[in-house]
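S.K.: structure of the sequence below:
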Amino acid sequence: MKKFFFLSLLAALFTFNACKDDDTSTSEPDYQISIESPDDTAKAVGDDLDIHIHFSDKNGGTVHHINVRIYEKDSGTEIYNKPDEEHVHAEGEYSFEDNITLTTAGHYVLEAKVWGHDDGVSEVVKSVEFHVN
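M.R.: Numbering: from 1, shown residues only. Sure thing, here's the model as predicted:
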């Protein structure tokens, strides 16, 4: 009888431990975007535009998908859309760097986007506007 009581008590302890909430873990990413370059200062036709963007998950999880695009604000004409493969699958953080030459004057928007494993999951979008004279 004592063995049965001891086994029951042991099983109860395992059950209570298994059901305990873990407040420090989360399965949802908490994405952040830091656009280090370009900034919102005016550019000129013929300038090289350095693109440097840092994507991260505040929870330390995987950065699954990213996209960086530049479009003319008034017409919506897209002049840049990278990377070719949006699924980067980087642990914790991912840095994107590129360089393009500006060929047309206008009011442009650089839009950076990051999202989880499935489309729209924890999606974050950040943008910066700049003029090309």
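S.K.: does anything pack onto the helix or strand harbouring residue 63? Which helices or strands?
M.R.: According to DSSP states H and E, residue 63 maps onto strand 62-72. Strand 62-72 is packed against strand 48-57, strand 78-82, strand 87-91, strand 93-101, strand 106-115, with contacts defined by 3 or more Cβ pairs under 8 Å, 6 or more residues apart in numbering; DSSP states H and E. Bear in mind the C-beta positions are built from the backbone N, C-alpha and C, glycine included.
S.K.: how about a markdown table for those strands, with mean pLDDT and mean neighbour count added?
M.R.: What follows is those, written out as a markdown table (pLDDT from 0 to 100; neighbours: other Cβ atoms under 10 Å):
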| stretch | mean pLDDT | mean neighbour count |
| --- | --- | --- |
| strand 48-57 | 97 | 18 |
| strand 78-82 | 97 | 14 |
| strand 87-91 | 93 | 12 |
| strand 93-101 | 97 | 13 |
| strand 106-115 | 98 | 19 |
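S.K.: now tabulate these in JSON lines and tack on distance to residue 28.
M.R.: As requested, the helices and strands packed on strand 62-72 are arranged in JSON lines below (distance: least, Cβ to Cβ, whole Å):
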{"stretch": "strand 48-57", "distance to residue 28": "10"}
{"stretch": "strand 78-82", "distance to residue 28": "26"}
{"stretch": "strand 87-91", "distance to residue 28": "16"}
{"stretch": "strand 93-101", "distance to residue 28": "17"}
{"stretch": "strand 106-115", "distance to residue 28": "12"}
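S.K.: which among the ones you listed is found nearest to residue 67?
M.R.: Among those, strand 106-115 comes nearest to residue 67, with 4.7 Å by Cβ to Cβ.
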